[in-house]
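Asks: sequence first, predicted coordinates after that:
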Amino acid sequence: DSGVTQTPKHLITATGQRVTLRCSPRSGDLSVYWYQQSLDQGLQFLIQYYNGEERAKGNILERFSAQQFPDLHSELNLSSLELGDSALYFCASSGQPAYEQYFGPGTRLTVT
Amino acid sequence: DAKTTQPTSMDCAEGRAANLPCNHSTISGNEYVYWYRQIHSQGPQYIIHGLKNNETNEMASLIITEDRKSSTLILPHATLRDTAVYYCIVRVAGGGSEKLVFGKGTKLTVNP
C-alpha cells in the first residue's frame, strides 16, 4: 500500500460526458502528479501540482483540467469525453525533494 | 531528460538473480537513474535510484557504470511476484518539473 488513494476504482461513462477523478496523497506530501496510461501511448505525464499551485504540465488535453485543494487532495476533471480517453489514470505524490513518487492504484475509465 | 534504452523482454528462473540492463548514454551530470516497476495494471512502484555510486535496498541493487552511460538493476532472488514491467528513467531530481517520463520498459517474466 503506497498510501495514495484514488476514487473511484472504475468508471464507465458515455461519450460527451464529464467525470471527476479524485486523489488523496500520502500524508505530508505536497506534490501530486497525474498520469494517463492507455494501450497505445503507454504511461504519460499529464500535470503536477505542488501545494495548491500548478507546477508542470505535460500532454494534457484542453478538455482536461485539474486542481489541488487546501487539504492537498487533487481532482482531475475530464470533459467532452471521447472513446480515446479510455485509459487508466494514476495519481502519484511525493515529498520534497521529489526523489521518489508513490503511485495510487489508479482509476480505470471506460468511455462507451 | 535523457533517453533510455531497455530490452523489450527478459526471462528469469525463480530463485535466480534477474539482471535488467539500461542504456542512458546521453545522461547529464545532475541526472539520476531511477527504476520503477508495474505489476500488471497496478500503479507503478518505486524500486531504487542512484546518481553515480552503486545502491542497494531491500528490494534490489543498482549498478551504475563509471561513465554513467549504463546501469543494471539486480533482483538477487527473483520470485514469481517479481513478474512485471520494469522502467528505467533518467531525470533531474529536486528542482523544477519532477515528472517521470516512462518509456516502454522491460517485461520481466519469472518462470517457476
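Replies: Now that the structure is in, tell me what you want to look at.

Asks: for A:G106, the count of nearby residues, please.
Replies: Neighbour count for A:G106, taken as other Cβ atoms under 10 Å in any protein chain shown: 22. (Each C-beta comes from the backbone N, C-alpha and C, glycine too.)

Asks: check it and give its pLDDT.
Replies: pLDDT, A:G106: 97.

Asks: low-confidence stretches in chain B?
Replies: B:1-2, B:93-97 (pLDDT under 70).

Asks: any idea which residue is closest to the centre of it?
Replies: The centre of chain B sits closest to B:W35, judged by Cα atoms, centre = their mean, with a distance of 3.2 Å.

Asks: same question, chain A
Replies: A:W34 (3.4 Å).

Asks: which element, helix or strand, includes that residue?
Replies: strand A:31-38 (DSSP states H and E).

Asks: list the buried residues for that strand?
Replies: A:S31, A:V32, A:Y33, A:W34, A:Y35, A:Q36, A:Q37 (16 or more other Cβ atoms under 10 Å in any protein chain shown).

Asks: all strands of chain B, in order?
Replies: B:9-13, B:18-23, B:31-38, B:45-50, B:55-56, B:61-64, B:70-75, B:84-92, B:106-111 (DSSP state E).

Asks: who wins for proximity to chain A among those?
Replies: Of all the strands of chain B, strand B:45-50 sits nearest to chain A, with 4.1 Å by Cβ to the nearest Cβ.

Asks: with just CA atoms, put the closest one into PDB.
Replies: Extracted in PDB, the C-alpha atoms of strand B:45-50 (Å, rounded to 0.1, in the frame of the first residue of the first chain):
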ATOM      1  CA  GLN B  45       6.200   1.100  -7.800                       C
ATOM      2  CA  TYR B  46       9.400   2.900  -6.900                       C
ATOM      3  CA  ILE B  47      12.300   0.500  -6.600                       C
ATOM      4  CA  ILE B  48      15.600   2.400  -6.300                       C
ATOM      5  CA  HIS B  49      17.600   5.300  -7.600                       C
ATOM      6  CA  GLY B  50      21.200   6.400  -7.800                       C
END
